[in-house]
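> Got a predicted model here, sequence first, then my questions.
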Amino acid sequence: MNDTSWQPEPVPAGPAYDAQVGPHTRPMPIVPDAAGRDFDDREARDRGAAPDGGPLFRADTPPQEPMPSPPPPHAPQPQDASPPPKKRAGRDLRAAIGVGVGLGAVIFASLLIVKAVFVGVIVVAVVVGLWELTSRLQEKKGIKAPLVPLAVGGAAMVIAGYVRGAEGAWVAMALTVLAVLVWRMTEPPEDYLKDVTAGAFAAFYVPFLATFVAMLLTADDGPQRVITFLLLTVVSDTGAYAVGWRFGKTKLAPRISPGKTREGLFGAVAFAMAAGALCMEFLIDGGVWWQGLLLGLAVAVSATLGDLGESMIKRDLGIKDMGTLLPGHGGIMDRLDSLLPTAPVVWLLLAAFVGTG
């Protein structure tokens, strides 16, 4: 920049300037007021007065409050004194544990008394599960899967599987689907295909998969096989919950089930493999511990997939639980979600390892 721009401006001589002003000082100009008198702005300002037409210098102008200065860009934010919220379970654990213990007592008592009594327990669970599933389909999607042929055919399917094995289960499955097709013909043809498709799905998903539990019971060590099946599934779910709740960070399938994590899946696998080795060694006739490791791994995978499948159905329906029959658990279908797809896996692996006798 040129230094000449910083030189003092010359002061012109004349009566309009104060004689007492120094040679290098520019005085305030004298302006006439409304009556023609000279009004020195500088003196008026010193006395607290203001010239006419100067609202910014009016004596009655209220003083403005100073604007608050913005906080520094890196000012520390106030910390919340309350501790971070603790992790909580999504359900009433006391009710869930109580109901779980009650169900376990009923299952073990029926297994120890007579095998046929446990078959009756399976039939009741299948019929209630079908009722929950068909009710939710009709409420949320308007799909009318006929319950009567499904319930009758589902009960017959479980009994046929127990009496005649896999062949009887397949025959009963085919007859149940046929009954659904015929039963739906008594109503108007609108949505016929949608209703019978849902009925065929329900017949396969609930009673047909449950038939494999009855088929496990037909072996000489049937009660031990059923206990192994139930125990591994429960241990897998427990391991997934415990490890996922404590260490879970990476979501397994966030769009399907946001609560499940990969760490929880590893916990399910570890717990189920350990329990499988113990069950095959001490409960199953002719079983070996390494077979239990493979069985536990398969159960952890199938139980997780079954849980995700049920979650997908409930998300499609826009519901949290299939029912409210079991406090702390939801409905029967909310407890069968991991058991149903696991039953054929356990039956097939036990048949391969130690046979079906």
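Right, received. Where do you want to start? Numbering: from 1, shown residues only.
> CA atoms for contacts and neighbours, from now on please.
Noted.
> what is the rounded mean pLDDT of stretch 237-254?
Averaged over stretch 237-254, pLDDT sits at 93.
> For that stretch, buried residues please.
By 16 or more other C-alpha atoms under 10 Å, the buried positions in stretch 237-254 come out as 237, 238, 239, 240, 241, 243, 244, 245, 248, 251, 252.
> which intervals of the chain have sub-threshold pLDDT?
1-93, 95-96, 328-329 (pLDDT under 70).
> What helices and strands are in contact with the host helix or strand of residue 112?
Take DSSP states H and E as the rule and residue 112 turns out to sit in helix 93-113. Identification of packing neighbours for helix 93-113 by 3 or more C-alpha pairs under 8 Å, 6 or more residues apart in numbering; DSSP states H and E yields helix 115-141.
> quick one, what contacts residue 132?
By C-alpha atoms under 8 Å, 6 or more residues apart in numbering, residue 132 lies in contact with 322, 323, 331, 332, 333.
> Now with 7 Å, please.
Residues counted as contacts of residue 132 (C-alpha atoms under 7 Å, 6 or more residues apart in numbering) are 322, 323.
> For residue 252, grab phi and psi.
phi -80, psi -50 (degrees, to the nearest 10).
> Could you measure from the closest residue to it other than its chain neighbours over to residue 228?
Nearest non-adjacent residue to residue 252, counting by C-alpha to C-alpha, 6 or more residues apart in numbering: residue 261, 4.5 Å away. Residue 261 sits 25 Å away from residue 228, going by C-alpha to C-alpha, to the nearest Å.
> and if you look at residue 347?
Distance, residue 347 to residue 228, by C-alpha to C-alpha: 11 Å.
> repeat for residue 160
From residue 160 to residue 228 the distance is 23 Å (C-alpha to C-alpha).
> residue ranges of the strands in the protein, please?
For the chain, strands defined by DSSP state E occupy the ranges 30-32, 38-40, 251-253, 257-261.
> Helices of the stretch 151-300 of the chain, residue ranges please.
For the stretch 151-300 of the chain, the helices defined by DSSP state H, counting those that start in this stretch cover 192-203, 209-217, 222-247, 262-282, 289-317.
> Can you tell me what sits against the shortest one?
When contacts are taken as C-alpha under 7 Å, 6+ apart, the neighbours of helix 209-217 outside the stretch itself are 119, 157-158, 161-162, 165, 169, 222-223, 225-226, 340-341, 343-344, 347.
> Kindly recompute the last result at 6 Å.
158, 161, 162, 222, 223, 340, 343, 344 (C-alpha atoms under 6 Å, 6 or more residues apart in numbering).
> And the fourth one, by the same measure?
Contact with helix 262-282 is made by 232, 235-236, 239-240, 243-244, 248, 250, 252, 287-289, 292-293, 296-297, 300, as judged by C-alpha under 6 Å, 6+ apart.
> If we use 8 Å, what do you get?
228, 231-233, 235-245, 247-252, 287-297, 299-301, 304.
> try the first one
When contacts are defined by C-alpha under 8 Å, 6+ apart, helix 192-203 is touched by residues 130, 133-134, 143-146, 150, 154, 173, 176-177, 180-181, 184-185.
> Report the buried members of those.
130, 133-134, 143-146, 150, 154, 173, 176-177, 180-181, 184.
> out of those, which one sits closest to residue 113?
Set against residue 113, the nearest of the buried ones among the contacts of helix 192-203 by C-alpha to C-alpha is residue 154 (23.9 Å).
> Check the spacing between the closest one and residue 207 real quick.
5 Å.
> Need the residues touching each of these two.
Common neighbours of residue 154 and residue 207 (C-alpha under 8 Å, 6+ apart) are residue 126.
> one step back: farthest-separated two in the buried ones among the contacts of helix 192-203?
Greatest spatial distance among the buried ones among the contacts of helix 192-203 (C-alpha to C-alpha): 143 and 173, at 20.8 Å.
> Pull the number of nearby residues for residue 108.
Residue 108: 14 surrounding residues under other C-alpha atoms under 10 Å.
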